[in-house]
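Trainee: here is my input; please provide its structure:
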Amino acid sequence: MTSEIVCTICATFSSSKICDFFRHINMKHRTDPQLSLHCPIDGCWKPYASFNAYKSHVYRIHMKSQRKRETSDLSCHITCAVCSMENISNIKLLISHLSSHLLNSVTVICPFDKCSCTYDKASSLRSHICRVHSPLCNKDNSVLKHEYLGISTSAFSDQAINEPTDLTEKGRPTMHTASHEQGDNFENNFIDSFALSILKIQELCYLPVSTVDTILSEINGIHELSFDALQFQIISLLTKQNVDVSVLDQIKECFYQNIFDKSVSYLKSNYLRNKYWKRQLRYVEPVRITLDKNECHKSRSFEYIPLLESLKSILSVHQVLTDVMNPLPKPKSDAMQDFSHGRYFKENALFSKSEIALQIILYFDEFEVVNTLGSKRGIHKIAAVYYTLGNIYPWHRSELKTIQLCVLCPNTILKNVGFDEVLKPLIYDLHILETVGIEILNVEQKLFGTVAFVAADNLGSHRIGGFVESFSSNVENICRFCLGTSNQIQTQYNSDQFEFRNEVNYSNHVKKAAQDTGGRAHYLGVKHDSVLNNLNYYHITRGLPPDCMHDVLQGVCRYELPLILQKLEKQKHFSRTTSFKIMKTWKYGVNKPPVPKSLNSIPSSASQMWTLVRILPLMIGEYVPIGDETYEILLILKLIVELVFAPEIQIQQIAYLDSLIKEHMEIFTEMFPEQRIIPKQHFLIHYPSHIFNYGPLHSCWCMRFESKHNYFKILSHRLGNFTNICYTLATRHQRLQAFLTTSDDDYFRVDKITSPVNVMTATLRMELQNGLLQKGIFDTNIYQTSKVFVNGVTYQPGMYVVTNLMELNEIEFSKILGIYQQSTMCHTSQDNILPFVESQISSFHHHYGAIEVDNKDKFCLYYVNELTDYYPLDEYIVDGKKFICLKHALALK
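Mentor: Model prediction:
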């Protein structure tokens with residue numbers, strides 16, 4: 001019998017039998033949204049992401065080794081399982097002995113392992129063994145069943161796996177039960193697990209309801225056939241044994257009332273499944289808001305997910321509530337890491353009074369659910385409002401599941417009725433949140449909250465803020481941050497030269513726009529008041545941050561890079577063929593930008609543009625002479641991008657960014673006097689003050705929100721039904737969110753290691769052994785892995801990490817040589833992942849905009865949470881030298 005096996009997921013269940021352990025995992029954890037199993041048998045601790053993979057591992061590794069251990073100590077003699085005769089010397093003699101039993105009308109089961117054939121004639125047994133098991137007759141005794149070897153049933157034997165158990169988990173009985181109450185408990189648990197399985201298949205695989213109905217129907221049909229066959233076999237066998245007829249009737253009744261058929265009957269239709277899910281899960285049902293009929297007398301409506309109910313649902317998840325009740329600590333230095341470190345947060349009357357006040361981050365955008373170039377474009381365009389909680393830590397907030405749906409509305413309806421009508425139910429709920437608050441289970445005090453800011457692209461921000469929705473040169477005031485005119489932004493590059501918008505002048509402009517009879521319908525860029533200004537603690541002029549993804553990556557970089565490359569080509573530094581060849585053959589790693597067809601434009605996504613800006617100086621630097629002014633624009637732009645996207649930034653770095661932007665704009669207008677300053681270049685001028693007000697702009701960008709659109713696009717494509725599309729998408733999304741919140745302790749992303757190998761500590765290189773001792777790790781074995789995922793970031797050997805940041809902006813880089821995890825730790829986290837690194841000699845190469853590194857022959861071991869910067873960097877080879885490019889600027893410690 002093996003030692004107790006403890007569940008590594010809940011740590012509340014243990015058993016000495018693997019069958020009970022499998023049953024517990026199958027019933028309680030198989031449907032977890034982020035299942036992460038670690039094998040606890042014999043200190044294995046290997047991780048698995050699916051129950052089937054883990055079962056296969058146990059059968060292949062542990063059961064095989066167990067049987068080898070059990071048979072290794074056996075003598076050469078065999079014991080008959082029929083008459084218990086001992087000292088049978090070999091398999092051939094055993095077959096002869098069993099044949100003698102068959103002559104006496106005794107039924108014999110084939111003695112070879114994993115064979116269940118039964119015979120009542122000696123000739124039939126011998127024929128079967130000759131046809132099927134002939135090669136095994138000359139093998140050792142381990143090929144026989146355990147009962148022929150005198151081995152007692154172990155936790156890994158077939159008998160142990162199939163036998164019932166009396167173990168209970170937290171007082172809840174397992175498979176076989178003695179009382180009606182216990183049977184009801186198991187039945188309820190089975191139905192719950194079955195319902196979650198259906199929900200998982202339907203929502204994670206984007207299946208239409210009709211497809212799920214078909215799958216259930218077919219499974220039920222196959223199940224009935226298999227049960228009928230099993231029932232026939234059992235009844236036939238018991239009839240031969242002269243079992244009483246009343247017993248046979250009871251057995252038949254058990255087959256007729258099996259739990260699977262009951263589960264299917266409870267969940268056979270979409271209506272019954274929805275009813276069950278609403279009752280058992282954290283499901284917040286969308287509410288259809290009906291508006292007045294249009295001119296064609298057709299009713300108009302949109303879908304709203306009640307904000308207060310949605311907040312209560314998400315805050316009932318333990319991990320989310322933990323983030324909210326334990327705010328991000330303030331940095332020790334003057335660095336800023338999140339919106340809560342910015343000036344607008346500190347000056348907000350609600351946020352300054354309570355650190356745990358709910359920070360509602362709204363997002364508005366429009367997206368197409370059909371081909372944007374097809375004939376149906378615009379017809380099914382949808383306006384969406386999402387929200388997330390700014391209280392959630394930034395590394396958790398990047399997960400799509402934390403972004404909640406608030407409003408889905410056909411864009412045609414939004415254009416006709418405006419934001420005042422569409423956002424009315426949301427504003428009503430926000431007023432209650434500001435004044436009355438909400439009560440959360442296990443929280444003593446009420447939680448209040450308000451809108452922290454509204455993230456959107458420029459057009460969306462102008463629509464929701466009441467500004468003009470055009471950025472052409474014909475519009476005099478295109479900026480929602482200042483009152484600069486279209487002529488001023490062409491010549492003035494200092495943010496202090498412009499008058500900023502505030503609550504007072506915005507209110508005056510709203511009044512004058514309403515009184516304007518000149519036909520312009522706006523005054524200094526303001527068309528009308530925003531409905532969000534009705535809130536107590538929010539105003540548009542302090543709550544519409546810029547989006548660095550659209551402004552910088554898809555705006556400034558996309559506009560300037562082709563101009564820079566064209567001019568460098570005209571200066572004969574390289575040919576167009578050379579530039580295309582470099583872009584095509586360069587080893588980018590991830591987010592490889594597409595090779596452009598011409599230098600007039602560089603089509604790429606935001607992440608691909610980010611990659612290109614980072615490494616373009618390294619790609620073309622060897623062809624351009626040092627000091628070239630056009631090339632300097634690229635180098636300065638690269639520095640600006642690093643500072644703008646920094647997850648942590650200091651006050652002095654904000655001042656440095658301000659000077660870089662001024663210098664960049666001056667050189668750009670000097671080198672490209674024929675080019676106009678586009679609006680997004682002007683928006684860039686205000687970025688230093690925005691960072692001071694909102695904190696790092698990385699926390700305000702739209703990239704993660706836009707990724708949410710992809711779910712609705714895929715779902716609508718799979719469903720293929722656009723009737724009441726907003727209702728369908730909202731309902732399916734809420735079901736998905738209900739499924740993702742079924743696990744309280746694994747709601748956020750689970751850290752994972754890939755292909756761990758258990759190695760003896762004594763076999764490792766001496767520097768690594770010393771590092772383990774310095775960390776207080778005295779394990780005789782440790783896991784070595786090829787890749788690890790921590791907080792969504794991938795670490796693997798060959799990457800570089802920042803291990804120290806010294807004065808005078810000196811950065812210590814280290815190369816990852818291997819990644820290790822303590823073998824005694826069953827859960828993967830940044831507290832037990834240990835990259836073994838080699839320190840590098842580094843020097844900044846200004847012309848390449850990169851850091852040259854070389855080995856230092858100094859080795860060290862770090863925990864992931866001890867690294868100075870979380871982001872690992874790739875290595876690039878130029879002229880035989882190793883270079884790395886920063887992803888973002890680093891804040892000085």
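
Trainee: helix or strand for the closest residue to I360 other than its chain neighbours, which one?
Mentor: Beyond its immediate neighbours in the sequence, the residue positioned closest to I360 (C-beta to C-beta, 6 or more residues apart in numbering) is V451, lying 4.9 Å away. Quick note: C-beta positions are derived from backbone N, CA and C, even for glycine. The secondary structure element spanning V451 is strand 449-455 (assigned by DSSP states H and E).

Trainee: what of I25?
Mentor: When secondary structure is defined by DSSP H and E, I25 falls within helix 18-28.

Trainee: what packs against that helix?
Mentor: Helix 18-28 makes packing contacts with helix 51-57, helix 158-162, helix 180-204 when contacts are defined by 3 or more C-beta pairs under 8 Å, 6 or more residues apart in numbering; DSSP states H and E.

Trainee: next, the angle from it to helix 180-204.
Mentor: 60 degrees (axes from the mean of the first three to the mean of the last three C-alpha atoms, to 10 degrees).

Trainee: got the buried residues for helix 18-28?
Mentor: 18-25, 27-28 (16 or more other C-beta atoms under 10 Å).

Trainee: centre of the chain to that helix, how far?
Mentor: Taking C-alpha atoms, centre = their mean, to the nearest Å, one finds helix 18-28 lying 27 Å from the centre of the chain it belongs to.

Trainee: next structured bit after that helix?
Mentor: As assigned by DSSP H and E, the chain's next helix or strand after helix 18-28 is strand 37-38.

Trainee: just checking, next helix/strand downstream of that following strand?
Mentor: Taking DSSP H and E, what comes next after strand 37-38 is strand 47-48.

Trainee: show the low-confidence segments of the stretch 251-400 of the chain, by residue range.
Mentor: Using pLDDT under 70 as the threshold, the predicted model of the stretch 251-400 of the chain has low-confidence ranges 294-297, 372-376, 378.

Trainee: now with 80, please.
Mentor: Within the stretch 251-400 of the chain, the set of residues satisfying pLDDT under 80 comprises 252-257, 293-299, 330-333, 371-379.

Trainee: likewise the stretch 751-893 of the chain?
Mentor: Counting by pLDDT under 80, the low-confidence segments of the stretch 751-893 of the chain come to 751-756, 758, 779-780, 806-809, 822-832, 892-893.

Trainee: that older thread, most widely separated two among the buried residues of helix 18-28?
Mentor: When C-beta to C-beta is used, the two most widely separated members of the buried residues of helix 18-28 are I18 and K28, lying 15.7 Å apart.

Trainee: just the helices in the stretch 601-750 of the chain please.
Mentor: Along the stretch 601-750 of the chain, counting by DSSP state H, counting those that start in this stretch, helices occupy 606-620, 629-644, 651-671, 679-685, 687-694, 703-719, 725-740.

Trainee: so which of those is the most packed in?
Mentor: Mean neighbour counts were compared across those using mean count of other C-beta atoms under 10 Å; the top stretch is helix 679-685, at a mean of 24.

Trainee: packing partners for it?
Mentor: Checking 3+ C-beta pairs under 8 Å, 6+ apart, helix 679-685 ends up next to helix 458-465, helix 651-671.

Trainee: mind putting the ones you listed in TSV, distance to L389 included?
Mentor: Rendered in TSV, the data for the helices and strands packed on helix 679-685 read as follows (distance: least, C-beta to C-beta, whole Å):
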stretch	distance to L389
helix 458-465	20
helix 651-671	26
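
Trainee: export those as a markdown table, with columns for mean pLDDT and distance to H733.
Mentor: What follows is those, written out as a markdown table (pLDDT from 0 to 100; distance: least, C-beta to C-beta, whole Å):
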| stretch | mean pLDDT | distance to H733 |
| --- | --- | --- |
| helix 458-465 | 96 | 20 |
| helix 651-671 | 95 | 38 |
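
Trainee: buried residues, the helix or strand P562 falls within. List them.
Mentor: Per DSSP H and E, P562 falls inside helix 557-570. Residues of helix 557-570 classed as buried by neighbour count (16+ other C-beta under 10 Å): 557-568.

Trainee: tell me the mean pLDDT for stretch 710-720?
Mentor: The pLDDT scores in stretch 710-720 average 93.

Trainee: got the CA positions of that stretch in PDB?
Mentor: Taking Å, rounded to 0.1, in the frame of the first residue of the first chain, the C-alpha atoms of stretch 710-720 are listed here in PDB:
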ATOM      1  CA  ASN A 710     -11.500  39.300 -31.000                       C
ATOM      2  CA  TYR A 711     -13.700  37.200 -28.800                       C
ATOM      3  CA  PHE A 712     -16.800  38.700 -30.200                       C
ATOM      4  CA  LYS A 713     -15.600  38.600 -33.800                       C
ATOM      5  CA  ILE A 714     -14.700  34.900 -33.500                       C
ATOM      6  CA  LEU A 715     -18.000  34.100 -31.800                       C
ATOM      7  CA  SER A 716     -20.100  35.900 -34.300                       C
ATOM      8  CA  HIS A 717     -18.300  34.100 -37.200                       C
ATOM      9  CA  ARG A 718     -18.800  30.700 -35.600                       C
ATOM     10  CA  LEU A 719     -22.500  31.300 -34.900                       C
ATOM     11  CA  GLY A 720     -23.300  32.800 -38.300                       C
END
